[in-house]
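Undergrad: Whatever this is, show me its structure:
(2 chains)
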2 protein chains.
Amino acid sequence: MSLKLVQQETFMRVALALSRESVRNGGGPFGAVIVKNGEIVAAASNSVTLTNDPTAHAEVNAIRQACHALNTFDLSGCTLFTSCEPCPMCLGAIYWARLDAIYYGNSKRDAARIGFDDAFIYEQLGLQPEDRAIPMISLLPEEAGQAFTDWEQLENKTEY
Amino acid sequence: MSLKLVQQETFMRVALALSRESVRNGGGPFGAVIVKNGEIVAAASNSVTLTNDPTAHAEVNAIRQACHALNTFDLSGCTLFTSCEPCPMCLGAIYWARLDAIYYGNSKRDAARIGFDDAFIYEQLGLQPEDRAIPMISLLPEEAGQAFTDWEQLENKTEY
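TA: Numbers count the residues shown, from 1 in each chain, chains lettered A, B, ... in the order given. Next comes the predicted model:
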């Protein structure tokens, strides 16, 4: 479903209000909402420090909340409104969740200016594993294949 | 702390056992453990379909569990053993969590062969936002800046 500009701005302003409320509550300055069929199905803010969870960005929190509300891991048909351009972790989550579109307020350059800089992660992901800052070492690849063989032999497996 | 090869293999085999157990339990064929000072602080498997959470990859689950156990969002000093090379979402989480090193069993090419293909996400992240498959649209950037201004004016803010 296509949203009109006035609706888009309304939903974005909810995400922006969440980002400001989060600052007042001791969270990070980020908020996000997920919309389906013109209705908000998830509204979340960044809770990395409040919950000691480095994955608890506003977008990831909103995706988890929307999936719980809709009882699915597939958010096709949903649109994300986020107060800031998503980081690579959140973009990965957005692609796995199959969201339709992303509206964002602040850019990643705006975020970098106040100390939230994800440029190094984009750079790292563009490198070969052996060239990355965090060492990546292959170990026991032959033994590791067994789970995949077991998976392939399942008769009823959920593709995702 | 540096781990000897025999220790590395022991921890990897726990991750591999988790990946096989996950297949038997109806989860995805992936397992991961996080180790600090020679001890396992988190052990998890992929629960995307079991919990309807597209972010519930084994690595993300293990990071969240380790942070909860250690009461911190900073996993410096910790090492990840994962049954499969992490996807971009998980790598993003790994960089935010500041893990020291990653040992992996199956490669992403092995995963792609059984239908778990994350190459499109690496490709998408390498594109400019306006060229990505999921549309990314800037909206209300001027209003969005208020939360960042509020954040900068905080006297006691946790950097992360």
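Undergrad: The one helix or strand residue A:149 maps to near chain B at all?
TA: Per DSSP states H and E, residue A:149 falls inside helix A:141-152. Yes - applying C-beta under 8 Å from any C-beta of the partner chain, one finds helix A:141-152 touching chain B at A:141, A:143, A:144, A:145, A:146, A:147, A:148, A:150, A:151, A:152. Every residue, glycine included, has its C-beta placed from N, CA and C.
Undergrad: Tell me which residues of that helix come out buried.
TA: For helix A:141-152, the neighbour count (16 or more other C-beta atoms under 10 Å in any protein chain shown) marks A:143, A:144, A:145, A:146, A:147, A:148, A:150, A:151 as buried.
Undergrad: The third one contacts residue B:110, correct?
TA: Yes - in terms of C-beta atoms under 8 Å, residue A:145 counts as a neighbour of residue B:110; the distance is 6.6 Å.
Undergrad: For chain A, which helix extends over the most residues?
TA: Secondary structure assigned by DSSP state H gives helix A:5-24 as the longest helix of chain A.
Undergrad: what lines up beside whichever helix or strand comes after that helix in the sheet?
TA: Next helix or strand after helix A:5-24 toward the C-terminus (DSSP H and E): strand A:31-36. Using DSSP bridges, the strands paired with strand A:31-36 are strand A:39-45 (antiparallel), strand A:78-84 (antiparallel).
Undergrad: what about the residue of chain A positioned farthest from its centre, distance to residue B:51?
TA: Within chain A, the residue lying farthest from the chain centre (C-alpha atoms, centre = their mean) is residue A:142, at 32.6 Å. From residue A:142 across to residue B:51, the span is 30 Å (C-beta to C-beta, to the nearest Å).
Undergrad: State the helix or strand in which the residue most central in space within chain A lies.
TA: Residue closest to the mean C-alpha point of chain A, counted by C-alpha atoms, centre = their mean, is residue A:90 at 2.8 Å. Using DSSP H and E, residue A:90 maps to helix A:88-97.
Undergrad: Run through who's touching that helix.
TA: Here helix A:88-97 makes contact (C-beta atoms under 8 Å, 6 or more residues apart in numbering or on different chains) with A:55, A:57, A:59-60, A:63, A:67, A:73-75, A:78, A:80, A:82, A:86, A:102, A:118, A:121-122, A:125, A:160, B:48, B:54-55, B:87-93, B:95-96, B:120-121, B:124-125, B:134.
Undergrad: cool, stretch A:149-156 as well?
TA: Here stretch A:149-156 has contacts from A:157, B:20, B:23, B:24, B:28, B:29, B:114, using C-beta under 8 Å, 6+ apart.
Undergrad: Same check on stretch A:122-136?
TA: With C-beta under 8 Å, 6+ apart as the criterion, stretch A:122-136 contacts A:88, A:120, B:85, B:88, B:91-92, B:94-95, B:99-102, B:104, B:122, B:125-126.
Undergrad: In chain A, where is pLDDT below threshold?
TA: By pLDDT under 70, the weakly predicted segments of chain A are A:1-2.
Undergrad: let's go with 80 and repeat that
TA: A:1-3, A:159 (pLDDT under 80).
Undergrad: Can you check what angle separates the helix holding residue A:90 from strand A:31-36?
TA: 10 degrees (axes from the mean of the first three to the mean of the last three C-alpha atoms, to 10 degrees).
Undergrad: does whichever helix or strand comes after helix A:88-97 come close to chain B?
TA: Toward the C-terminus, helix A:88-97 is succeeded by strand A:101-106 as the next helix or strand (DSSP H and E). Yes - against chain B, strand A:101-106 shows contacts by C-beta under 8 Å from any C-beta at A:101, A:102, A:103, A:104, A:105, A:106.
Undergrad: name the helices or strands packed onto strand A:101-106?
TA: Contacts defined by 3 or more C-beta pairs under 8 Å, 6 or more residues apart in numbering or on different chains; DSSP states H and E place strand A:101-106 against helix A:5-24, strand A:78-84, strand B:136-138, helix B:141-152.
Undergrad: Go through the ones you listed and name the closest to residue A:44.
TA: Among the helices and strands packed on strand A:101-106, the nearest to residue A:44 by C-beta to C-beta is helix A:5-24 (7.1 Å).
Undergrad: List the buried residues for that closest one?
TA: A:8-9, A:11-20, A:22-23.
Undergrad: which other helices and strands contact it?
TA: strand A:31-36, strand A:39-45, helix A:58-70, strand A:78-84, strand A:101-106, helix B:141-152.
Undergrad: Now the third one - C-alpha only, PDB.
TA: So the one you mean is helix A:58-70. In PDB, the C-alpha atoms belonging to helix A:58-70 read as follows (Å, rounded to 0.1, in the frame of the first residue of the first chain):
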ATOM      1  CA  ALA A  58      15.700   1.200  17.400                       C
ATOM      2  CA  GLU A  59      15.300  -0.600  14.000                       C
ATOM      3  CA  VAL A  60      16.100  -4.000  15.400                       C
ATOM      4  CA  ASN A  61      13.800  -3.500  18.400                       C
ATOM      5  CA  ALA A  62      11.000  -2.400  16.100                       C
ATOM      6  CA  ILE A  63      11.500  -5.400  13.800                       C
ATOM      7  CA  ARG A  64      11.400  -7.800  16.700                       C
ATOM      8  CA  GLN A  65       8.300  -6.100  18.000                       C
ATOM      9  CA  ALA A  66       6.500  -6.100  14.700                       C
ATOM     10  CA  CYS A  67       7.300  -9.700  14.100                       C
ATOM     11  CA  HIS A  68       6.000 -10.600  17.500                       C
ATOM     12  CA  ALA A  69       2.800  -8.500  16.900                       C
ATOM     13  CA  LEU A  70       2.200 -10.000  13.500                       C
END
